[in-house]
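Asks: All I have is the shape, not the residue letters:
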C-alpha cells in the first residue's frame, strides 16, 4: 500500500481515528484526510494524528491536477521516510558494539567505557594513533545514544585550511568575506539536536580554540560576519592522534579547552598492543572484499596469518585493511600465502635478536620453531630469486626436503 485517502465521516470509524491507527502501525505510510465539513480545528487535529495533508471538498475540475500532484508528493514522501528509516536501522546495526571486530582485553576495555558513556550527554575525547579506528568509536557512541535519530556531523579539523574552518564550523552571512555571495549554515547548526565529531582537534588554531571553548561552555556562537548569537543543542566528540598535554606545554593547545573536551577520555590501543585481534580483522576485511568487491579469495594461509600477527603495524587497522585489499586484488583467487606478503613482513634481521623470552607461563615451542624455520626458508628463497637448488644449498638441506617444507608451509613464488 502506498497511500491512504480517508474521509473524516465514514461508517464504522472516524477518519481521524483511522489515521491514528494507521500511523501507529506504519508511520511511513502517508495519509490524506478529506472532508466536506472543514474547520481549522479539524485540520490541526488531522496533522497531529499523523496525516500528510488535509483537503476540503468539493473538488472542482481545476483542483484535480493539484490533487494528483499532492498524491504523488505524499507517496514520494512516504517512500523517502521508509528508505531513511531502513538506512538508519542499518547504520545502528553496523555500529553496534558487538560489530566492532576484536576480542582482546585492550579493545574490550575501550568498548566497556563506550557502552557506559554512549547514552549520556558527556563530551568525549578519543585519543590514539592514526588508523586505530577513532572515528569508528565516535560513530558507535552516537548511534547507541539517545541522539541517534539525529545527525552525526563530522569535521576533519586538520584537512580544512584555518581561514575556512571557522566558516565551516559556525557558518557565515552574505558578504562576510570575498566570495560569500550567500549565507551558509555551519556544521554546528547542522548538528543541532545531534552530535558533532571534531576529528584531529589538535590541529585547530589557537584563535578557533577560543571560539570552540565558548560553544562548549554556553552552546552559543556567531556566524562569521554576524553579531547575532545562535544557540545549539549539540553533543561534542573530539579525537586526536597528538599528545595534547605536550601541546599545552609548548603553547599549541589551550589548557582550559583540553579540560572541557577531556570529560570522558577514551584511548584506542594500537594494533600492536592487541595482536590477538589481527587474525580476526584480516578475516573480516577478506569477507568484506569477497562480498562487496566480488573477490574470490578462499582463505589466508596459516603461515601468512603468523606473519601478520608478528608485524608491528605502524599504520594500525587502516594499514591492515589496505593490505588485505591489495592482496585480494593481486592474488585474484584461491588462498593468500605468506609469500604474497610485502618484503617488510619477511625482514627478520639477526635471528638472535628475536629469541622470545621464556615466561613462567611457558611458551608454544613448536610454533616458535616453525616461525623461525619459515623465516630462514623465505630469506634463502628471496636471496636466490626462488631458485630452490641454491636455496637448499644455503640452508644445508636436500632439495626434496626444502620442497616438502615449502609445500607444507604454503609458500609460493610471488613471480608465479
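Replies: Looks like it came in fine. The structure displayed is predicted, hence computed values, not measured ones.

Asks: For residue 238, give me the pLDDT.
Replies: Looking at residue 238, its pLDDT reads 98.

Asks: One more: residue 31?
Replies: As predicted, residue 31 sits at a pLDDT of 88.

Asks: Residues in a beta bridge with it, which ones?
Replies: Counting by DSSP bridges, residue 31 forms beta bridges with residue 4.

Asks: number of nearby residues for it?
Replies: 25 (other C-beta atoms under 10 Å). Quick note: C-beta positions are derived from backbone N, CA and C, even for glycine.

Asks: For it, give me its contacts.
Replies: Neighbour list for residue 31: 3-6, 18-19, 22-23, 50-52 [criterion: C-beta atoms under 8 Å, 6 or more residues apart in numbering].

Asks: Swap in 10 Å and give it another go.
Replies: Residues counted as contacts of residue 31 (C-beta atoms under 10 Å, 6 or more residues apart in numbering) are 3-6, 15-16, 18-20, 22-23, 46, 49-54, 74, 78.

Asks: ok, now how distant is it from residue 24?
Replies: Counting by C-beta to C-beta, to the nearest Å, the gap from residue 31 to residue 24 is 12 Å.

Asks: From the contacts of residue 31, list the buried ones, please.
Replies: The neighbour-count test (16 or more other C-beta atoms under 10 Å) applied to the contacts of residue 31 identifies 4, 6, 15-16, 18-20, 22-23, 46, 49-54, 74, 78 as buried.

Asks: Filter these down to the ones in helices?
Replies: Of these, the ones assigned to helices by DSSP state H are 15-16, 18-20, 22-23, 46, 49, 74, 78.

Asks: Turn those into TSV, columns for pLDDT and distance to residue 229.
Replies: Output for these, formatted as TSV (pLDDT from 0 to 100; distance: C-beta to C-beta, whole Å):
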residue	pLDDT	distance to residue 229
15	81	45
16	82	41
18	87	45
19	84	40
20	87	40
22	86	42
23	82	37
46	78	37
49	79	37
74	84	38
78	79	38
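
Asks: what would the residues you listed look like in a markdown table with distance to residue 326?
Replies: A markdown table is the format used below for these (distance: C-beta to C-beta, whole Å):
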| residue | distance to residue 326 |
| --- | --- |
| 15 | 61 |
| 16 | 61 |
| 18 | 58 |
| 19 | 56 |
| 20 | 56 |
| 22 | 52 |
| 23 | 51 |
| 46 | 58 |
| 49 | 56 |
| 74 | 49 |
| 78 | 44 |
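
Asks: if we can go back for a sec, spell out which residues are contacts of both of residue 31 and residue 24.
Replies: Common neighbours of residue 31 and residue 24 are listed as 49-50 (criterion: C-beta under 10 Å, 6+ apart).

Asks: Surely residue 115 is in contact with residue 109?
Replies: No - contact between residue 115 and residue 109 fails when scored by C-beta atoms under 10 Å: they sit 11.0 Å apart.

Asks: where are the low-confidence patches of the protein?
Replies: Residues of the chain meeting the criterion pLDDT under 70: 37-38, 59-63, 83-98, 347-362, 414-416.

Asks: leaving aside the residues next to it on the chain, what's closest to the residue nearest the centre of the chain?
Replies: In the chain, the centroid-proximal residue (C-alpha atoms, centre = their mean) is residue 136; its distance is 3.9 Å. Excluding its sequence neighbours, the residue lying closest to residue 136 (C-beta to C-beta, 6 or more residues apart in numbering) is residue 100, at 6.6 Å.

Asks: check contacts around that neighbour.
Replies: So residue 100 contacts 107-108, 110-111, 114, 133, 136-137, 139-140 (C-beta under 10 Å, 6+ apart).

Asks: and what of residue 267?
Replies: So residue 267 contacts 106, 109-110, 113, 125-129, 132, 134 (C-beta under 10 Å, 6+ apart).

Asks: Format those residues as JSON lines; extra columns: distance to residue 401 and secondary structure.
Replies: JSON lines is the format used below for those (distance: C-beta to C-beta, whole Å; DSSP: H, G, I helix; E, B strand; the rest coil):
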{"residue": "106", "distance to residue 401": "41", "secondary structure": "helix"}
{"residue": "109", "distance to residue 401": "47", "secondary structure": "helix"}
{"residue": "110", "distance to residue 401": "47", "secondary structure": "helix"}
{"residue": "113", "distance to residue 401": "53", "secondary structure": "helix"}
{"residue": "125", "distance to residue 401": "57", "secondary structure": "strand"}
{"residue": "126", "distance to residue 401": "52", "secondary structure": "strand"}
{"residue": "127", "distance to residue 401": "51", "secondary structure": "strand"}
{"residue": "128", "distance to residue 401": "46", "secondary structure": "coil"}
{"residue": "129", "distance to residue 401": "43", "secondary structure": "coil"}
{"residue": "132", "distance to residue 401": "43", "secondary structure": "coil"}
{"residue": "134", "distance to residue 401": "49", "secondary structure": "helix"}
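
Asks: Quick check: ChimeraX command selecting the buried ones in these.
Replies: In ChimeraX, a selection of the buried entries from the contacts of residue 267 looks like this (16+ other C-beta under 10 Å):
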select :106,110,113,125,126,127,128,129,132,134
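
Asks: Just give me the closest of the contacts of residue 267 to residue 241.
Replies: residue 129 (5.6 Å; C-beta to C-beta).

Asks: Residue 247 against residue 202, yeah?
Replies: Yes - using C-beta under 10 Å, residue 247 makes contact with residue 202 at a distance of 5.9 Å.

Asks: Touching both of those two, which residues are there?
Replies: Counting by C-beta under 10 Å, 6+ apart, the contacts common to residue 247 and residue 202 are 240, 253, 258.

Asks: Sounds good, over and out.
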